[in-house]
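Colleague: I would like the atomic coordinates for the input below:
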Amino acid sequence: MTEVYPSQEPMPDPIVSKKTQAITTKTQKNRETMVDHGAALRIWFPSHLQRPGRPQNQRRYIHREQIPVLLTYAENARIEVIAISKRVDNMSIHLLKTGLLPSRDTIRDKINLLRICTKFQNAKLEKCRDRWIPSIEYVCMNSQSLHSVDSDSTWKTTVSGPQLESSWYGGEEYNATLEIPGWPTLRTDISKWARANETLNPPPGQLVTTQFPPINVVDRWQAINVTSTKIDGNYVFDFSTNFAGWYALKIRERNGVRVTFWPSERLLSDGGIDQSTTGNPIYDAFTSDGSETIYSPRFMYHGFRYIGVNLTYQPSAGDLEALVIRTTVESVGTFESSDTMVNSIYKIVDHAIQSNIYSVMTDCPQREKLGCNGWLEQTHIVFDTVIRDYDIDAFGKGVMTTIMDSQATGGLVLDISPEFVVFVGGFRDDPNWGDASVLLPLNLYQGYGDLALVSDAYDIIKKYVSFLADKTTIETLSYGLGDWIAFDTSTPLSVTTTFGYQQALSGMITIAQGLGLTDDVATYTGMLNDTITSFNQYYWNSSCNWYGSGSRASNAIALDMGAVETNLQTRISVYIVELIQANGSQLSVGEIALPSLFRSLQNLDRNDTIYDMDSPVAEYGECNCLNHFILSYVNKYIAELSGLAHTSTSNSWDTLTLRPIFVANMTYTKSSCRSVKGMAIASWELADNKDLIYNVTVPVGANASVIIDFSTKVSESGTVMSSSKYKHVDGILGVSQSNGTTTIEISSGSFYFHAS
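Modeller: As a prediction, this is how the structure comes out:
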């Protein structure tokens, strides 16, 4: 059986093309080389292979061990190191534009193909130039000798091949009847291939190592069902889960039969494929050469649950396999509870995160992949959610490197990075998107304790904050996208934009403190105070006792940014609750105000209101995507139902708060996070008599405050927590009680509390 695109090797490659045929380069004469077991291969990207002119906003891709990684977007080229796990005979170097069938009998499972393409974006989208690379160096571990293979004009190329098209938004076309005999071994006849052209005059640039973890297949399963008859000419397969990745279909068709594949997130009423969430028709096509084949797309991916296939015979569900692909960030968090609805919400959000974590955080996998651009607001708005579940240290640094490379002249940090599609207005410049340049390195520093990235990025983010400051009018801003996807659109643009500016200033203060830059701390503190004063002056309505338009977003943002006077905070918080309840607890805020709303309600101890908003009643109705994750902040709150949270001043999880949250009829909750200091765990359970059993683990090097509300007596492993007895328990640092709340200060270790 032929595997056209072996599922453990391919990778989506975001190249937009129109019926672009494969361009394949193969070395001539004796370029094929023997590589010993245990070799390390370094692929260098010399600047002379880049396109002359402005170096900003380039991209290039390379296949690594299994699935390649997007390596760079801007002026710096990346170096990739590939470990070869076994002896490889007759190694050939293969360069493709939109993909040509690699043979598995050479460099099997490892270096089947190497592909690099450079693309630039200036005022308009330009065509991808047929420029190839590279200089390849490898070291044989047995002899420690260094070998190199350099590209030059002796290399040859052809436009023949089976890969007819690969469109990032549209799909792929593969014709097995056009495969090149013998490719990619020495048996291939290249006598009629054309010579490659050599490019000179290099632009500036540096070689730097890549930060991103690889993108791999992380899960797979067979379809659960396929229709017994065709609907609109297609057998419809169901994978039961909406996901991002590929499919692999076992095909048994006659020579010349063209099979089409139509992915979708949902079905029409008659059971047919509904592609209304994709924006445009998307399909793949495979033309059979008569042999039994397993086909999968290779250079792009889909977001889908269903797929319609026009086979000429009745397939079985087992013929089709789902292949989930994403960046291989390691899972570090867990959550479970007695509430099945909350568990389901958590699982759905986690699936959405996995479907959108590629070389950047994408918007959605079925439509708005934007040629591998990343909408930057998601990198900081949902950061706390993602870091609780995944180790994103390296991934986050890679994203920040992209942001740094993509900063525009004058200091603007664009809404998307890299900017392969040029938008205008708020879609290009909004502080809540550009804030990622400040808040992402700050969040990484607070989450992992590494100041190096913050230090490296300081000039970039300082330049961006200066850019914002220059655009202020009396210390406020009024432009942008507003509270994106909010049902209540009354919130003034100036409220959300000024909030973004305030967040940038607040982040700069923390960063400058970490770097010991006292003068900058003083400067940004003064700017922050001026902004808060102006916000209150322009947006506080003293006659109505609300901010902005009086919307939930306006008031939640005011509370969250610290603009509300202490004597008014409870009044504003209660007003927000009244608005929510008066509107049937439906969620009306957008992605910018959602975290502010959650934090404001938590500070008021109105977890019941948050829970009601999470109920099935609070629906956003019809939408054009079923796999977004921009509202994923909800999972941070859900994970904290166990009480496990780090404090606002925590650095690498060194100070925790452990305060169980009780909602509805929930009787059990547990969450964990493997932080850089170790495992942090919290679980609570209500016994039949409503006593609380609360078990917690604090990692080495951290301290925590255990706060138990509604408690009259609290014990740890049988010892009552009182001012006279707590000193007899290892790890208990102090105990206090006030108004029915017991607070216990603890150090690292595992503790078992019982509260009446």
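Colleague: Now residue 336: which helix or strand?
Modeller: Under the criterion of DSSP states H and E, residue 336 resides in strand 333-337.
Colleague: Distance from that strand to the middle of the chain?
Modeller: 20 Å (Cα atoms, centre = their mean, to the nearest Å).
Colleague: which of the residues in it are buried?
Modeller: Under the neighbour-count criterion of 16 or more other Cβ atoms under 10 Å, strand 333-337 has 333, 335, 337 buried. No exception for glycine: its C-beta is placed from N, CA and C like everyone else's.
Colleague: residues touching residue 579, list them.
Modeller: 551-552 (Cβ atoms under 8 Å, 6 or more residues apart in numbering).
Colleague: Find the helix or strand that it is a member of.
Modeller: Per DSSP H and E: helix 566-582 holds residue 579.
Colleague: can you list contacts of the helix or strand following that helix?
Modeller: Next along the chain after helix 566-582, taking DSSP H and E as the criterion, comes helix 594-603. Applying Cβ under 8 Å, 6+ apart, the contact partners of helix 594-603 are 381, 499, 552-553, 555-557, 559-561, 573, 576-577, 587, 589, 607, 609-610, 631, 633-634, 636-637.
Colleague: So which of those residues belong to strands?
Modeller: When the contacts of helix 594-603 are checked against strands using DSSP state E, none is located there.
Colleague: Filter those residues down to the buried ones, PyMOL style.
Modeller: Typed into PyMOL, the line below selects the buried ones among the contacts of helix 594-603, using 16+ other Cβ under 10 Å:
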select buried, resi 381+499+552+553+555+556+557+559+560+561+573+576+577+587+589+607+609+610+631+633+634+636+637
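Colleague: Let me know how buried residue 293 is, in neighbour terms.
Modeller: 21 (other Cβ atoms under 10 Å).
Colleague: who's it bridged to?
Modeller: residue 2, residue 251 (DSSP bridges).
Colleague: Identify each buried residue in the helix holding residue 579, please.
Modeller: Those would be 568-569, 572-573, 575-577, 579-580, for helix 566-582 by 16+ other Cβ under 10 Å.
Colleague: Just the angle for that helix relative to helix 594-603, thanks.
Modeller: 110 degrees (axes from the mean of the first three to the mean of the last three Cα atoms, to 10 degrees).
Colleague: average pLDDT across helix 566-582?
Modeller: Helix 566-582 shows a mean pLDDT of 94.
Colleague: quick one, domains of the protein?
Modeller: 7-212, 217-327, 333-642, 644-755 (automatic domain parsing).
Colleague: Those: lowest mean pLDDT?
Modeller: domain 7-212 (a mean of 49).
Colleague: show me the contacts for the closest residue to residue 719 other than its chain neighbours.
Modeller: Distances taken as Cβ to Cβ, 6 or more residues apart in numbering place residue 729 nearest to residue 719, at 5.2 Å, with adjacent residues excluded. Going by Cβ under 8 Å, 6+ apart, residue 729 touches 716-717, 719, 721.
Colleague: tell me the phi and psi of residue 729?
Modeller: phi -110, psi 120 (degrees, to the nearest 10).
Colleague: Helices of this protein, start to end?
Modeller: Applying DSSP state H to the chain gives helices spanning 340-355, 377-381, 383-389, 393-406, 431-434, 436-448, 452-471, 493-514, 518-539, 552-560, 566-582, 594-603, 607-613, 633-639.
Colleague: List the contacts of the first one.
Modeller: Around helix 340-355, the neighbours that count as contacts under Cβ under 8 Å, 6+ apart are 218, 241-244, 303, 324, 326, 335-337, 364-365, 382, 385-386, 389-390, 614-616, 627-629, 632, 634-635, 638-639, 641, 666.
Colleague: if we go to 7 Å?
Modeller: 241, 243-244, 303, 326, 335-337, 365, 386, 389, 614, 627-629, 632, 634-635, 638 (Cβ atoms under 7 Å, 6 or more residues apart in numbering).
Colleague: Name the residues of that helix that are buried.
Modeller: Applying 16+ other Cβ under 10 Å to helix 340-355 flags 342, 345-346, 348-355 as buried.
Colleague: Pull it out as CSV, backbone CA atoms only.
Modeller: Output of helix 340-355 as CSV, limited to C-alpha atoms (Å, rounded to 0.1, in the frame of the first residue of the first chain):
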residue,chain,number,x,y,z
THR,A,340,-20.6,17.7,34.5
MET,A,341,-21.5,20.9,32.8
VAL,A,342,-18.4,22.7,34.1
ASN,A,343,-16.2,19.7,33.1
SER,A,344,-17.6,19.9,29.6
ILE,A,345,-16.9,23.6,29.3
TYR,A,346,-13.4,23.1,30.5
LYS,A,347,-12.8,20.3,28.0
ILE,A,348,-14.3,22.3,25.0
VAL,A,349,-12.1,25.3,25.8
ASP,A,350,-9.0,23.1,26.1
HIS,A,351,-9.8,21.6,22.6
ALA,A,352,-10.1,25.1,21.2
ILE,A,353,-6.7,26.1,22.7
GLN,A,354,-5.1,23.0,21.2
SER,A,355,-6.7,23.8,17.8
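Colleague: got a list of what residue 593 touches?
Modeller: Contacts of residue 593 by Cβ under 7 Å, 6+ apart are 483, 486, 553, 556-557.
Colleague: State the distance from it to residue 554.
Modeller: 8 Å (Cβ to Cβ, to the nearest Å).
Colleague: So what pairs up with residue 166 in the strands?
Modeller: residue 172.
Colleague: I meant residue 541, not that one.
Modeller: Here residue 541, judged by DSSP bridges, has bridge partners residue 546.
Colleague: With residue 749 instead?
Modeller: If you apply DSSP bridges, the partners that residue 749 bridges to are residue 698.
Colleague: Now that it has come up, it's in contact with residue 731, right?
Modeller: Yes: with contact defined as Cβ atoms under 7 Å, residue 749 and residue 731 form a contacting pair (4.4 Å).
Colleague: more neighbours, these two?
Modeller: More crowded of residue 749 and residue 731, by other Cβ under 10 Å: residue 731, with 17 against 14.
Colleague: Contacts only, for that one.
Modeller: 746-747, 749, 751.
Colleague: Select only the buried ones of these in PyMOL?
Modeller: In PyMOL, this line selects whichever of the contacts of residue 731 come out buried by 16+ other Cβ under 10 Å:
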select buried, resi 746+751
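Colleague: and the contacts of residue 731, which two are the farthest apart?
Modeller: Pairwise distances across these (Cβ to Cβ) peak at 9.8 Å, for the pair 747 and 751.
Colleague: of the buried residues of helix 340-355, closest to residue 257?
Modeller: residue 355 (31.9 Å).
Colleague: Would you quantify the distance from the closest one to residue 218?
Modeller: 11 Å.
Colleague: Which residues are in contact with residue 671?
Modeller: Taking Cβ under 7 Å, 6+ apart, one finds 334-335, 639, 642, 644, 682 in contact with residue 671.
Colleague: Dig out what it forms beta bridges with.
Modeller: Those that pair with residue 671 in a beta bridge, by DSSP bridges, are residue 335, residue 682.
Colleague: quick one: the strands in the stretch 651-756 of the chain?
Modeller: Using DSSP state E, counting those that start in this stretch, the strands of the stretch 651-756 of the chain run over 655-658, 668-675, 678-686, 692-698, 703-708, 714-716, 719-720, 732-738, 741-746, 749-755.
Colleague: Identify whichever of those strands lies nearest to residue 397.
Modeller: strand 668-675 (17.3 Å).
Colleague: can you pull the buried residues of that closest one?
Modeller: Those would be 669-675, for strand 668-675 by 16+ other Cβ under 10 Å.
Colleague: Could I get the CA-only coordinates of that strand as PDB?
Modeller: Taking C-alpha atoms only, strand 668-675 is exported to PDB below (Å, rounded to 0.1, in the frame of the first residue of the first chain):
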ATOM      1  CA  TYR A 668     -16.000  18.200  44.600                       C
ATOM      2  CA  THR A 669     -13.300  20.000  42.700                       C
ATOM      3  CA  LYS A 670      -9.600  19.300  42.000                       C
ATOM      4  CA  SER A 671      -7.000  21.100  39.900                       C
ATOM      5  CA  SER A 672      -3.300  20.900  39.500                       C
ATOM      6  CA  CYS A 673      -0.500  22.700  37.800                       C
ATOM      7  CA  ARG A 674       3.100  21.700  37.400                       C
ATOM      8  CA  SER A 675       4.800  25.000  37.800                       C
END
